[in-house]
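Undergrad: got a structure for you, letters missing:
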């Protein structure tokens, strides 16, 4: 969600994930497996893997689960072969959606994502039809109580961040996707904890939603997509109050 709604979404998802630890662990496992597959199982030589393992620890994911996920990625343990893919679509009210997935069966995932859009009066779009409305970048949300502004600015500049945006909710740090892991490590060393950190699709323009029915349909589409085990993250460009 755009603007302040990104913070609202984080709060909503926090409440959801607290009651669905298994879902969170499943998503983290897939991400860790993919990171180990592409960059190896050595923390020192694979910044992306190190960042994900830290997120897993913050979520209280069992160490055995983390170890298995890494070994599946390096081929030490047998497992399904996962691929990353992103679907684009339009939801109720013409709201643009980017749906990031990790799947072992693209045919199944595409069918499920299409069905979710159809169920909420939306539709899937061709690749590129929606993506131009988003900035693909690293994004960190940091609560004001978790960092002094001057210190955060210093860390951001030294680690190569592109921008730090101050809002009433806290700070939003943006960076090139290739600098994400370096910045995550720099924040960790500085003792600055983020509320949310991800490679995100950040809306460059938003769609204002005034109708309660449209707002409910958008929330429903988010919930259906986020329930799908293959869906890792959902990004959209609606702007609506809480």
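TA: Yes, it's here. Owing to the predicted nature of the structure, the values given are computational and were not obtained by experimental measurement. Numbering: from 1, shown residues only.

Undergrad: use CA for all of it now, contacts and neighbours both
TA: Fine.

Undergrad: Could you look up the next helix or strand downstream of the longest helix anywhere in the chain?
TA: Longest helix in the chain, counting residues (DSSP state H): helix 21-39. Next helix or strand after helix 21-39 toward the C-terminus (DSSP states H and E): helix 47-58.

Undergrad: Who are the packing partners of that following helix?
TA: Judged by 3 or more Cα pairs under 8 Å, 6 or more residues apart in numbering; DSSP states H and E, helix 47-58 is in contact with helix 21-39, helix 63-74, helix 180-189.

Undergrad: Next, the angle from the helix or strand just after the second one to helix 21-39.
TA: Once the chain leaves helix 63-74, the next helix or strand it forms, by DSSP H and E, is strand 83-90. For strand 83-90 against helix 21-39, the angle between stretch directions is 120 degrees (axes from the mean of the first three to the mean of the last three Cα atoms, to 10 degrees).

Undergrad: Just list what strand 83-90 packs against, helices and strands only.
TA: Secondary-structure packing of strand 83-90 (3+ Cα pairs under 8 Å, 6+ apart): strand 96-103, helix 106-119, strand 123-125.

Undergrad: how about residue 201, secondary structure?
TA: strand (DSSP: H, G, I helix; E, B strand; the rest coil).

Undergrad: Excluding chain neighbours, give the residue nearest to it in space.
TA: Once flanking residues are discounted, residue 201 sits nearest to residue 136: 4.6 Å by Cα to Cα, 6 or more residues apart in numbering.

Undergrad: And the one you found, which helix or strand is it part of?
TA: Counting by DSSP H and E, residue 136 is part of strand 134-143.

Undergrad: Relative to residue 52, how far out is residue 214?
TA: According to Cα to Cα, to the nearest Å, residue 214 stands 35 Å off from residue 52.

Undergrad: Comparing the two, which residue is more hemmed in?
TA: Neighbour count, other Cα atoms under 10 Å: between residue 214 and residue 52, residue 52 has more, with 21 against 18.

Undergrad: show me the contacts for the more buried one.
TA: Shown in contact with residue 52 (Cα atoms under 8 Å, 6 or more residues apart in numbering): 28, 31, 32.

Undergrad: report the angle between the axes of the strand holding residue 136 and helix 180-189?
TA: Put simply, strand 134-143 runs at 10 degrees to helix 180-189, going by the same axes, to 10 degrees.

Undergrad: let's number from 192 now, not from 1
TA: Shifting the count to begin at 192 puts that one at strand 325-334.

Undergrad: Report the distance from strand 325-334 to the chain centre.
TA: Strand 325-334 sits 9 Å away from the centroid of its parent chain (Cα atoms, centre = their mean, to the nearest Å).

Undergrad: that older thread, can you tell me which of the helices and strands packed on strand 274-281 is packed in deepest?
TA: Comparing the helices and strands packed on strand 274-281 by mean neighbour count (mean count of other Cα atoms under 10 Å), strand 287-294 ranks first with a mean of 23.

Undergrad: what about that one, average pLDDT?
TA: In this model, strand 287-294 has an average pLDDT of 96.

Undergrad: residues making contact with it?
TA: Counting by Cα under 8 Å, 6+ apart, 221-222, 273-282, 300, 321-322, 324, 392, 421-429 sit against strand 287-294.

Undergrad: Next: stretch 409-424.
TA: Here stretch 409-424 has contacts from 214, 217-218, 282-283, 290-294, 300, 304, 307-308, 311, 425, using Cα under 8 Å, 6+ apart.
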